[in-house]
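Novice: Using only what follows, build the 3D model:
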Amino acid sequence: MPRLHADMEKLQSNETPYLRNYILKWNERYNENFPRRKFSALAIDVYGRTSCVTRYITPIELPQLNPDNFQVTTQQLAKYISKFSFTDYNKYYQNIWLTAKQFLNIMVGSVVDHAVTLACCLQSLDLHVWLLLGYGTPNGSSAYVLTRESTSNSYAPTYYIFDVTTGTKYNILDSISPLQIIYCVINRKNVWANTQRTNKVTNTRFDFSKISDWLPLFTEEIVGPSISIQQRVAFRTLSNEQYLLQSKLEKKIHKKIAKLTNGETIKFCSSLSKTFKKHMLKFINGCFSDQPDFDIAQTILSVQFSHKQKMKGFLVCKTYTNVSSLLEFIDNTDLLKPLRADSEYILATQLVSWPNQIILWILIAVVY
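Specialist: Numbers count the residues shown, from 1 in each chain. Just a heads-up that it's a prediction; the model follows:
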């Protein structure tokens, strides 16, 4: 199927005719001079209208990823956004962008949609953030999120990119960075097109005030649009009903374990269950960062060493669908049969609301 290139001049626009024509001419001149860095400064919304890409970048409400802490890190946000499903509609229909609200409602989008949403989230952390359009491996023409960070140890700031397909953060100078060529960078105020001779990212200068290196779309004479098209968004988090569901699931599992023991007396070890639940939460939170907390494995070893007890069990992560399939899974493990009379069992569960599904983490173990 051939790519379908919409004629931006014929589409209705949210911009004034003067501003739209200015953007189109500016864009055309740049694309003619830098054919390997072609991009569009106008994006098409779901209604078939064009808007300046700067309208898509604005701070939005952050998801609450830590149950006991409202603080969220950049790595957690990147991992979270990367878990939304990807579609490749921009491969055939060029320059269609979703707003963050639309993206979160349908829970699927292009790489650009993921990058726009992450850039908006990171702006809420008061960071220096840009949406970056460029060429990278293995996705070809793609979108990334560029951030600038300063440290007390260095006078010069450090630039990083986030690959939204994996949720990974790279130093812009890393040899393993997927970014190969930079077309432009975008924030809520302006678009800067890369006019530097070199295509090497490691040799690229990031002083956007230098006209010789970066061609700005808007200047003192031509001011860009100030009103964002982004609407108020609400990330889906665990509701009270889901917390009640978690409690209900644990009760069902307890009953299932009692039934599987065929009348044998097996005690529930409450103290160890609480310990494992605590470390399991740390482990789950670590899954949203580049440095996972593997304390749960250390906990298992320390329990066996300190109590001089043997332990067998499992920790699994499953998509929650219904109670019956969960209980059937536990039944098929054969973990609880046969059992010794002095055995105790450990149970810890945690429901996690992920972008496109509810995940159940469950740990069941027998101590004897």
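Novice: for residue 210, phi and psi?
Specialist: In this entry, residue 210 is assigned phi and psi values of phi -80, psi 110 (degrees, to the nearest 10).
Novice: Let me see the confidence value for residue 237.
Specialist: At residue 237 the predicted local distance difference test score is 59.
Novice: no wait, residue 296
Specialist: According to the per-residue confidence, residue 296 scores 55 in pLDDT.
Novice: Likewise for residue 68?
Specialist: Residue 68 carries a pLDDT score of 59 in this model.
Novice: all strands of the stretch 1-150 of the chain, in order?
Specialist: With DSSP state E, counting those that start in this stretch, the ranges of strands along the stretch 1-150 of the chain come out as 42-44, 50-52, 85-86, 108-109, 128-136, 140-149.
Novice: I'd like those strands written out as a markdown table, with mean pLDDT, distance to residue 122 and mean neighbour count added.
Specialist: All C-beta spots, glycine's among them, are computed from the backbone N, C-alpha and C. Formatted as a markdown table, the entries for those read as follows, by pLDDT from 0 to 100; distance: least, C-beta to C-beta, whole Å; neighbours: other C-beta atoms under 10 Å:
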| stretch | mean pLDDT | distance to residue 122 | mean neighbour count |
| --- | --- | --- | --- |
| strand 42-44 | 96 | 19 | 21 |
| strand 50-52 | 97 | 20 | 23 |
| strand 85-86 | 88 | 19 | 12 |
| strand 108-109 | 90 | 17 | 21 |
| strand 128-136 | 97 | 5 | 23 |
| strand 140-149 | 95 | 6 | 21 |
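Novice: Verify the contact between residue 23 and residue 53 for me.
Specialist: No. The pair residue 23 and residue 53 does not pass the contact test of C-beta atoms under 8 Å, sitting 9.3 Å apart.
Novice: anything in contact with each of these two?
Specialist: When C-beta atoms under 8 Å, 6 or more residues apart in numbering defines a contact, the residues bordering residue 23 and residue 53 alike are 41, 42.
Novice: Switch the strands of the stretch 1-150 of the chain over to JSON lines; also include distance to residue 186.
Specialist: Rendered in JSON lines, the data for the strands of the stretch 1-150 of the chain read as follows (distance: least, C-beta to C-beta, whole Å):
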{"stretch": "strand 42-44", "distance to residue 186": "10"}
{"stretch": "strand 50-52", "distance to residue 186": "9"}
{"stretch": "strand 85-86", "distance to residue 186": "21"}
{"stretch": "strand 108-109", "distance to residue 186": "17"}
{"stretch": "strand 128-136", "distance to residue 186": "4"}
{"stretch": "strand 140-149", "distance to residue 186": "9"}
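Novice: Might you report the residue contacts of residue 133?
Specialist: Each residue near residue 133 by C-beta under 8 Å, 6+ apart is listed here: 39, 112, 141, 142, 143, 182, 183, 184, 185, 186.
Novice: For the nearest residue to residue 184 once chain neighbours are set aside, grab the count of nearby residues.
Specialist: Nearest-residue entry for residue 184: residue 193, 4.6 Å, with adjacent residues in sequence omitted and distances by C-beta to C-beta, 6 or more residues apart in numbering. The tally of other residues near residue 193 (other C-beta atoms under 10 Å) stands at 24.
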